[in-house]
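Undergrad: One predicted model, sequence on top.
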Amino acid sequence: MKDFIELTGIVIKSMPIGDFDRRVTIFTKERGKIFAFARGARRINNQMMGFARMFAYGKFRLYEGRDSYNIINADIANYFEEISADIEMTCYGTYFLEMLDYYTRESLVDIESLKLIYYTLLALTKKSIPNRLVRRIYELKLMALNSDYDERPKLKDKTAIYTWEYIICSRPEKLFTFVITEEALIEIEETLDVMMKKYIDKRFNSLDILEDIL
């Protein structure tokens, strides 16, 4: 039997393959973005169904193939079921994964982005921080990690200015610890909308759906 490897990560995309399988994209701590097959994941009551779910975060045991991996087993630490159970949160979460998929590259290790998506999804499940703010913190931080941002945008609100700088400079685990005024949030939203059009050459399908339901 071949030796298997164990990688810690989160399923960011899952698509059906054939009659019974799924092809998943997993963003991992050790090897960045990888592609793996979950054989039998579309069969009812097959354990692979859980391993191939979007948002599933944990340790995946895989065989390494030539161009992809095959999932053998997994210890899922968090399915983020609260997100999957709520339409609005699902739209936010799917958008966050789609944006992460856009920025990450195959086999390129990026531990900070993995931390960011994990803490962002956790924040989404908490009622203490508005989803709108969670979204904007995530967008700005992910863009900053990839050097796609304006370091000193033309913000007028003092709270907005401080918040912008704090997001850029703080570690992912420290980001979702505050709320801001509606005026500051609106200014950050408007500034980010302009900045994203400047730096990102893609329209995210999940964002269109999100904006339709809000």
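TA: Arrived safely, thanks for sending.

Undergrad: What is the longest strand of this protein by residue count?
TA: Ranked by residue count and defined by DSSP state E, the top strand of the chain is strand 5-17.

Undergrad: So which elements touch the next helix or strand along the chain from that one?
TA: Where DSSP states H and E defines the elements, the next helix or strand beyond strand 5-17 is strand 21-28. In terms of contacts (3 or more CB pairs under 8 Å, 6 or more residues apart in numbering; DSSP states H and E), strand 21-28 is packed against strand 5-17, strand 32-38, helix 87-103, helix 111-124. All C-beta atoms are positioned from the backbone trio N, CA, C, and that covers glycine.

Undergrad: same question for the third one, mean pLDDT?
TA: Spelled out, that is helix 87-103. Averaged across helix 87-103, pLDDT comes to 97.

Undergrad: Show me the contact partners of it.
TA: For helix 87-103, contacts defined as CB atoms under 8 Å, 6 or more residues apart in numbering pick out 12-13, 25, 27, 33, 54-55, 80, 82-84, 113, 117, 120-121, 124-125, 131, 134-135, 138-139, 142, 145-146, 200, 202, 204-207, 209-210, 213-214.

Undergrad: List the buried residues for it?
TA: Burial within helix 87-103, assessed by neighbour count using 16 or more other CB atoms under 10 Å, is assigned to 89, 90, 91, 92, 93, 94, 95, 96, 97, 98, 99, 100.

Undergrad: same thing with stretch 120-131?
TA: Residues of stretch 120-131 classed as buried: 120, 121, 122, 123, 124, 129, 131 (neighbour count, 16+ other CB under 10 Å).

Undergrad: And residue 161, how far from residue 66?
TA: With distances defined as CB to CB, to the nearest Å, the gap from residue 161 to residue 66 amounts to 50 Å.
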